[in-house]
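Asks: no FASTA, just this:
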Ligand SMILES: C[C@H](N)C(=O)N[C@@H](Cc1c[nH]cn1)C(=O)O
Ligand SMILES: [Zn+2]
Ligand SMILES: [Zn+2]
């Protein structure tokens, strides 16, 4: 019999404004993990979350992780470990999320201040972190509060692990998960992560795979300081010119990775797997809507989905130290650092990819015959993850989606990365489910990131409903 959730749903609807207010407070804390200057705000956001949870009666610990690797002057932000309920008669679900966000500046092209939650007349709630991942993290907090307000018993024991470095490769968290697997996480029966997105705007999904990410810096230096290009142009090897050649050697315009040996690491596509793509509710128009253009690499949905989920990709992100302002400064930058990443898929191992990338860059640079110095290095890495969706954790989530949204969810993989997903699976030995709240048009990591009010409110219902179905599901 389906759990009786009408009271819970009505309470969530009644509390919607206060839940939006909680998100507004969270978005106002610019917890950008990649920005050293914002480290205090990342800590503040962790403390905000801890206070919200304590107020609701959860037991909360702030775990320090020590210094940030390669940046020893910086303390890593704390991991929030929390427990709500400890009944031996209930199942225990471990949820993970992150309270840090990607960088955001108004001048990047935001229509509104990125750290002021701005709700438009269509219920689109704009703000950095709204969908990635403050909305979903607060979804768990809100689900606890709505149960209390509704006078309903919470259906499971909830363990929570919220980190503040996910957008910077989850520095330090792997070790904590491994250490706590037999301690704080020992009662967990399954794991749930809400930190990805639907494929489109209408149909919810459950996600059973993620790509990994090897993130690189290539530092090229030569002159002792920036130079006047009129005085020194034509007399010295220029770091930026070298870097453009190196970056240009990595990938072609059709998205093919040009590093020798990379494609040999990719697991071959089977006929069985190929057949999965046609039934997924996704159209080329979904892609164009998310892109805001028609500049897709492929003209059909199957190949597009494969490009996102099951083949690697290489993206060039930026150049530190290069002239980037408006105007026409005639400078030769003395030192430039190119940033690029490779999204990895089965069976690409971090170390194997790394060896090929470094060998390729060193070879390309050597062939330039430049007297500058080139230093490529792996900045951070996370492994890909693919799980089995044939588990009661997924069955319960599927029923919850049908109850809340009235439709069976698609089973999807995700092109992005959540580095600790595999660690949770391996360290706890439990099934991991990704249960997204936001949609394909949310523009995570981009300008004008948003979460639709409907996805937030129904998402809070969904997280709560999932826990009820989990409580009812027979162990398989
Ligand atoms: C999918 C998740 N919400 C996310 O955005 N993950 C980041 C994590 C990351 C950062 N560096 C490497 N991985 C992403 O996929 O970019
Ligand atoms: Zn993100
Ligand atoms: Zn995220």
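Replies: Structure received. Remember, predicted model here, so these are calculated numbers, not experimental data. Ligands and ions are numbered 1, 2, ... in the order given.

Asks: now the closest residue to ligand 1 within the stretch 301-450 of the chain: how far from residue 160?
Replies: Of the stretch 301-450 of the chain, the residue with the smallest distance to ligand 1, taken as Cβ to the nearest ligand atom, is residue 416 at 3.2 Å. (Each C-beta comes from the backbone N, C-alpha and C, glycine too.) For residue 416, the distance to residue 160 (Cβ to Cβ, to the nearest Å) stands at 21 Å.

Asks: Look at the two and report which has more neighbours.
Replies: Per other Cβ atoms under 10 Å, whichever of residue 416 and residue 160 has more neighbours is residue 160, with 22 against 16.

Asks: which residue packs closest to the more buried one, ignoring adjacent ones?
Replies: With Cβ to Cβ, 6 or more residues apart in numbering as the criterion, residue 160 has its nearest non-adjacent residue at 4.1 Å, and that residue is residue 82.

Asks: Going by contacts, tell me the helices and strands next to the helix or strand where residue 394 lies.
Replies: The secondary structure element spanning residue 394 is helix 392-405 (assigned by DSSP states H and E). For helix 392-405, the elements it packs on are strand 190-193, strand 205-210, strand 432-434, helix 453-472, judged by 3 or more Cβ pairs under 8 Å, 6 or more residues apart in numbering; DSSP states H and E.

Asks: Export these to CSV and append columns for mean pLDDT.
Replies: Rendered in CSV, the data for the helices and strands packed on helix 392-405 read as follows (pLDDT from 0 to 100):
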stretch, mean pLDDT
strand 190-193, 98
strand 205-210, 98
strand 432-434, 98
helix 453-472, 98
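
Asks: which of these sits most buried?
Replies: Here the criterion is mean neighbour count by mean count of other Cβ atoms under 10 Å, and of these the winner is strand 432-434, at a mean of 26.

Asks: Output the contacting helices and strands for it.
Replies: Where contact means 3+ Cβ pairs under 8 Å, 6+ apart, strand 432-434 is packed against strand 190-193, strand 205-210, helix 392-405, helix 421-428.

Asks: Make a markdown table out of those and add distance to residue 445.
Replies: Putting these into a markdown table (distance: least, Cβ to Cβ, whole Å) gives the following:
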| stretch | distance to residue 445 |
| --- | --- |
| strand 190-193 | 17 |
| strand 205-210 | 15 |
| helix 392-405 | 25 |
| helix 421-428 | 18 |
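
Asks: With ligand 3 as the reference, name the closest of the helices and strands packed on helix 392-405.
Replies: Distances from ligand 3 to each of the helices and strands packed on helix 392-405 were compared by Cβ to the ion, and the smallest falls on strand 190-193, at 9.1 Å.

Asks: who touches the closest one?
Replies: Strand 190-193 is contacted from outside by 91, 93-97, 391-393, 397, 418, 421, 424-425, 428, 430-435, 466, 470, using Cβ atoms under 8 Å, 6 or more residues apart in numbering.

Asks: give me the beta-bridge partners of the closest residue to ligand 1 within the stretch 201-350 of the chain?
Replies: Among all residues of the stretch 201-350 of the chain, residue 213 sits closest to ligand 1, at 3.9 Å; criterion: Cβ to the nearest ligand atom. On DSSP bridges, the residues paired with residue 213 through beta bridges are residue 343, residue 382.

Asks: shouldn't the residue of the stretch 301-450 of the chain closest to ligand 1 be in contact with residue 210?
Replies: Yes. At 6.7 Å, residue 416 and residue 210 qualify as touching, with contact defined as Cβ atoms under 8 Å.

Asks: ok, the closest residue to residue 124 other than its chain neighbours - contacts?
Replies: Among residues not flanking residue 124 along the chain, residue 450 sits closest, at 4.7 Å (Cβ to Cβ, 6+ apart). Neighbouring residues of residue 450 by Cβ under 8 Å, 6+ apart: 124-127, 130-131, 441-443.

Asks: what's the most distant pair in the residues you listed?
Replies: Longest distance between any two of these is 15.0 Å, between 127 and 441; criterion Cβ to Cβ.

Asks: Show me which of the two is the more surrounded one.
Replies: Neighbours were tallied for residue 127 and for residue 441 using other Cβ under 10 Å; the higher tally belongs to residue 127 (28 against 17).

Asks: And that one, how far from residue 137?
Replies: Here the criterion is Cβ to Cβ. By it, residue 127 lies 14 Å from residue 137.

Asks: does residue 170 count as helix, strand or coil?
Replies: Per DSSP: H, G, I helix; E, B strand; the rest coil, the local secondary structure of residue 170 is coil.

Asks: Please list the residues of the stretch 1-150 of the chain that sit near ligand 1.
Replies: By Cβ under 6 Å from any ligand atom, the residues of the stretch 1-150 of the chain that approach ligand 1 are 132-133.

Asks: which ones are touching the residue in the stretch 1-150 of the chain that ligand 1 sits nearest to?
Replies: Per Cβ to the nearest ligand atom, residue 132 is where the stretch 1-150 of the chain lies closest to ligand 1, at 4.7 Å. Counting by Cβ under 8 Å, 6+ apart, residue 132 touches 101-102, 195, 438, 442, 444-445, 449.
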